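Student: Task: produce atomic coordinates for the following.
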Amino acid sequence: MNSKKKASLSAAALTMSSIALAAGVSAGGSVAAPLTTGSSKPPPVDASHYTLACGTVSGKVDFSPSLTEKPHGSVSMTVKFKVSNCTASPPPAGGPPITVSKGTLSGTVTLPIGDSCPGFADGSAIAGTLTEKYKTAHGTAPLAVNSGSINWGDFSASVSGGSVSMLLPAVQLPAVQASGPFAGTDGGASSKLTIAGGTWMTQKCATAGGLNHIVFPPSPNSTLFLG
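Tutor: Purely as a prediction, here's the structure:
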């Protein structure tokens, strides 16, 4: 066999071997080990006993029916908050690191005793729970459970001129209940939310339509702690 034919056959054999390996079959006919292209993704982390502290909170609160100068019956309060700039801490027993990139608190709760614009600053009991959801940074360990719920029990508010802030709960009590991630070691009893800098439109209170929402832009005084 001349050298040209030998070279052609060698090239053909090399090509067939490459195709076989790409298909997961070795030259001898056995199945080859799959090729890997990078490190594996970190396993999910159970964060149920972790705590979470977030330094940026913003969002909106809607009222139905709207708040007016005169008190009326039960009021529904729909909450949509976004959180970021968060730090997750493991329990005393330790745990793998978690990097939370963002989260949300949302849901509709009831102010069972009713409310009004003048009475809003007095705070109110809250019936119902808010849903919490969190997302970890790309390439980091995901949460084994990324959503849960929290029942704050009540809230207080402070109105000054055209600005309003809210504190949930009004008084730190063991009555706060949480499930899902970041319930800490006490079932969420230490959890609290402070959201400040909301736009309070007093003039709306005197209209027939009333005050139907409060917008809370990002504020350095708004914080969330879960645990």
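
Student: Point me to the helix or strand that includes the residue nearest the centre of the chain.
Tutor: Per C-alpha atoms, centre = their mean, the C-alpha nearest to the average position across the chain is that of Gly103, at 2.1 Å. Element membership for Gly103 (DSSP states H and E) is strand 100-111.

Student: Packing partners of that strand?
Tutor: strand 51-67, strand 75-89, strand 130-136 (3 or more C-beta pairs under 8 Å, 6 or more residues apart in numbering; DSSP states H and E). C-beta: built from backbone N, CA, C; applies to glycine.

Student: mind putting the ones you listed in a markdown table, mean neighbour count, mean pLDDT and distance to Ser149 included?
Tutor: A markdown table is the format used below for those (neighbours: other C-beta atoms under 10 Å; pLDDT from 0 to 100; distance: least, C-beta to C-beta, whole Å):
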| stretch | mean neighbour count | mean pLDDT | distance to Ser149 |
| --- | --- | --- | --- |
| strand 51-67 | 18 | 96 | 15 |
| strand 75-89 | 18 | 96 | 12 |
| strand 130-136 | 20 | 97 | 6 |
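
Student: on that earlier part again, let me know the pLDDT of the residue nearest to the centre of the chain.
Tutor: As predicted, Gly103 sits at a pLDDT of 98.

Student: how about the helices of the protein, start to end?
Tutor: With DSSP state H applied, the chain shows helices at 3-22, 202-205, listed in chain order.

Student: Do I have it right that Gly209 meets Pro65?
Tutor: No. Using C-beta atoms under 8 Å, Gly209 makes no contact with Pro65, being 9.8 Å away.

Student: quick one: low-confidence parts of the chain?
Tutor: Across the chain, residues meeting the criterion (pLDDT under 70) sit at 1-39, 172-175.
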